[in-house]
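> would you be able to build a 3D model of this:
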Amino acid sequence: MSTRFDTYLQVISHADKFPHEFDPKNPDEVHHTIPFRLHPHIVGRVLPSTLPPLIEYNDAQMPKPFEVVEGEYISFASWVDTFDKRTQVMENLLQTWREKGTFKVLKGWRNEIFPVYGDASRSDNVAFVIERAGTPLFGISQFGAHLNCYVREPDGSIKIWVGRRSRTKQTWPGLLDNCVAGGITYQATTKDTIVKECDEEASIPSEISKQARNVGAVSYFTYTEHGLVPETQYSFDLELPRDFVPTPRDGEVECFYLWPIEKVRETLLNNEWKPNCALVTIDFLMRHSVITADTEPDYIDLTYRLHRKLEFPTPHKQVAARAPFVVTSTCQQQ
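Below you'll find the predicted structure:
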């Protein structure tokens, strides 16, 4: 039986567990990560246990694609100076490790390409792209989109649609999940990701899913047996019609439950949720005044911990120019 939590702060700490401060005396290797640098930026972090295979690979290449200063940092060699070169270097490395079975995480190869930010010379700030399965090996900051689906009862109360992850999934099998969620691949938008995942995971048609509203984001830094996982999840809310029932389609979700708030709270504290999805759900409960400043003693700390400031570069979005606005006033001019 998994550990039960006493507070929502413990639920968040279960996900956001990468050290906020490094302790050089702590033997755990998460306290001794090596920065992956690109010019002035840190674009990732590497565990000490990942270095020997990286050095072995690097020494076998001519010219060497990486500069490795043990105990200090790794970076691309000076000749790896463009988006295409960086992308190709990372692909060659991960494909070699995959063929040799160097890291178990690469058995979960997804053919999904994630952007890595940090090249300000490009309008999108993308320095290179990388296969999703390889991101934990380099502590690459990932971005996803999660959807809270809910219905409002005639008495004004809220019920939340909760997914049960397939028990055959490679990651977090059988745990509870947000209704819809997915990683944001290269050149995909957050809204496109939500609409796509709504169709694939829950059979929610686009005329409904397009009504989902982006309501914020949560950020955290965790780690698993496969490596380091700093993540930011864009949060979306969607009020579904009371007569609509999400239906699993692609096999990633086993079933959906429509639960009252108290059942959701109970399962959060019972540690029944995928850790990052628990954070998105706590954020939903705070925004809908289920968890309030007058009823939750850790309210401010919850707010801080749901929005961890990560050290990595972030996306730059191109937005359309806003139309000029007109001001209407009932005040008399002085």
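> point out where the stretch 201-334 of the chain drops to low pLDDT.
The model of the stretch 201-334 of the chain has pLDDT under 70 over residues 318-323, 325, 327, 329, 331-334.
> so which residues of it form strands?
With DSSP state E, counting those that start in this stretch, the ranges of strands along the stretch 201-334 of the chain come out as 213-224, 227-239, 253-260.
> ok, which of the ones you listed comes nearest Thr168?
strand 253-260 (9.0 Å; CB to CB). Where you see a C-beta, it was placed from the backbone N, CA and C, and this is true even at glycine.
> pull up the pairing partners for the closest one, direction included.
Strand pairing for strand 253-260, using DSSP bridges, gives strand 158-165 (antiparallel).
> compare the strands of the stretch 201-334 of the chain and give me the one nearest Pro65.
The closest of these to Pro65 is strand 227-239. By CB to CB, the value is 19.8 Å.
> what's the closest one packed up against?
Contact here means 3 or more CB pairs under 8 Å, 6 or more residues apart in numbering; DSSP states H and E; on that basis strand 227-239 packs against strand 41-46, strand 142-152, helix 190-202, strand 213-224, helix 275-287.
> let's see 7 Å
Using 3 or more CB pairs under 7 Å, 6 or more residues apart in numbering; DSSP states H and E as the contact test, the elements touching strand 227-239 are strand 142-152, strand 213-224, helix 275-287.
> state the distance from Glu56 to Phe66.
11 Å (CB to CB, to the nearest Å).
> same drill for those two, tell me which one is more crowded.
Of the pair Glu56 and Phe66, Phe66 is the one with more neighbours under other CB atoms under 10 Å, namely 18 against 10.
> which one of the helices and strands packed on strand 227-239 lies closest to Gln10?
When the helices and strands packed on strand 227-239 are ranked by proximity to Gln10, the top entry is helix 275-287, at 10.4 Å, counting by CB to CB.
> what does the closest one rub up against?
The contact list for helix 275-287 (CB atoms under 7 Å, 6 or more residues apart in numbering) reads 8, 11-12, 14-15, 146, 148, 176-178, 181, 215-216, 218, 220, 222, 231, 233, 235, 264, 268, 273, 291, 302, 306.
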